[in-house]
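[1] Give me coordinates for this.
(chains A, B, C and D)
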Number of protein chains: 2
Amino acid sequence: MNIGKAAKLSNLTIKTVRYYANIGLVKPEQNISSGYREYTDEEVAKLKFIGKARKFDFSIDECKELLSLYEDKNRTSKEVKKITLEKISQIDSKLNDLKDLRNELSFLASNCHGDDKPNCPILDELSKN
Amino acid sequence: MNIGKAAKLSNLTIKTVRYYANIGLVKPEQNISSGYREYTDEEVAKLKFIGKARKFDFSIDECKELLSLYEDKNRTSKEVKKITLEKISQIDSKLNDLKDLRNELSFLASNCHGDDKPNCPILDELSKN
DNA sequence: CTTTACTCTACCCTGAGGGGAAAGTATATA
DNA sequence: TATATACTTTCCCCTCAGGGTAGAGTAAAG
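    Reported below is the predicted structural model:
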């Protein structure tokens, strides 16, 4: 099938699918005379796989790794779990940073009257040495 | 003072300070004969202000807005609080997304034995239609 | 045969700078 | 004074994961 159908079936944009072909992530055959990319069902399955992994916040490089594990029938579940646990700990540290940030900002906001006077503890904090 | 000292005092890199000059965020005078940027204490204060705001996850555009409020002695605290509350709600929605993601991933990981066998619920989930 | 739909490559754009080259300027030392 | 070292300048390419558009070619439908 052509790229439009492959994109539709995998719920990705054509741009994204073409990008994955260019970086060698999912590289379909190209029709010699027309130059059109021709996707197989298996390649569409890989595109779907990548789409899901991307939603789980895996980077393209991590997707590449997961994809090669997915294709390797002899891989161990240990390898996959390791990548997943690393991703979870990345998410945890981002969560902590964001929580700290939220606390500081909401502390500032709660101290600010938010009225028509110029006095503003938020700007005061940002101006502090 | 020159850019090196300004960068040091504001805890920013020279690249960053130069970038802020280029985009017109903090634009110092430039010595005509040498071409060197010459920073005043007030400009360094602005750089510090921006550095803090950036740590609070404000974008460059938001910093620009905050900076103009900071410079406007007639601004109301209402305006500043509004921006801050918007930022907090942005952070909240990012927090929710990340929490959902974490839950799904940790559910997958907990169902994966992580042993030397190829069977892996994580890849199964990613391959699902 | 023409219109419409689809696809191709090639180029520039995003945010917030980082890295490095080549050249000019300022300061410290011999 | 000459040189060595430190500092600064502009310019260009790079990041990440594609998005947008242009111009041209191809396929399918009427």
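
[2] for chain A, what spans make up the strands?
    Here chain A has its strands, by DSSP state E, at A:29-30, A:37-38.

[3] Off-centre distance for the first one?
    Right, the one you point to is strand A:29-30. How far strand A:29-30 lies from its chain's middle: 27 Å, per Cα atoms, centre = their mean, to the nearest Å.

[4] by contact count, what packs against that strand?
    For strand A:29-30, the elements it packs on are strand A:37-38, judged by 3 or more Cβ pairs under 8 Å, 6 or more residues apart in numbering or on different chains; DSSP states H and E. No exception for glycine: its C-beta is placed from N, CA and C like everyone else's.

[5] partner strands of the strand it packs on, parallel or antiparallel?
    For strand A:37-38, the paired strands and their directions (DSSP bridges) read strand A:29-30 (antiparallel).

[6] Residues touching the partner strand, excluding its own?
    A:36-38 (Cβ atoms under 8 Å, 6 or more residues apart in numbering or on different chains).

[7] Please indicate which of those are buried?
    Buried residues within those, counting neighbours by 16 or more other Cβ atoms under 10 Å in any protein chain shown: residue A:37.

[8] Is it possible to get JSON lines of the contacts of strand A:29-30 that adds distance to DNA strand C?
    As requested, these are arranged in JSON lines below (distance: Cβ to the nearest atom of the strand, whole Å):
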{"residue": "A:36", "distance to DNA strand C": "4"}
{"residue": "A:37", "distance to DNA strand C": "3"}
{"residue": "A:38", "distance to DNA strand C": "8"}
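
[9] What sits closest to residue A:17 if chain neighbours are left out?
    Closest residue in space to residue A:17, ignoring its immediate chain neighbours: residue A:7 at 4.8 Å, by Cβ to Cβ, 6 or more residues apart in numbering or on different chains.

[10] pretty sure that neighbour is in contact with residue A:16, am I right?
    Yes - taking contacts as Cβ atoms under 8 Å, residue A:7 lies within contact range of residue A:16: 7.4 Å.

[11] Now do the buried residues in the helix-or-strand element of chain A with minimal mean pLDDT.
    Within chain A, no helix or strand scores below helix A:121-127, which has a mean of 84 by mean pLDDT, DSSP states H and E. Buried positions in helix A:121-127, judged by neighbour count with 16+ other Cβ under 10 Å: A:121-123, A:125-126.

[12] now do stretch A:59-76
    A:62-67, A:69-70, A:75-76.
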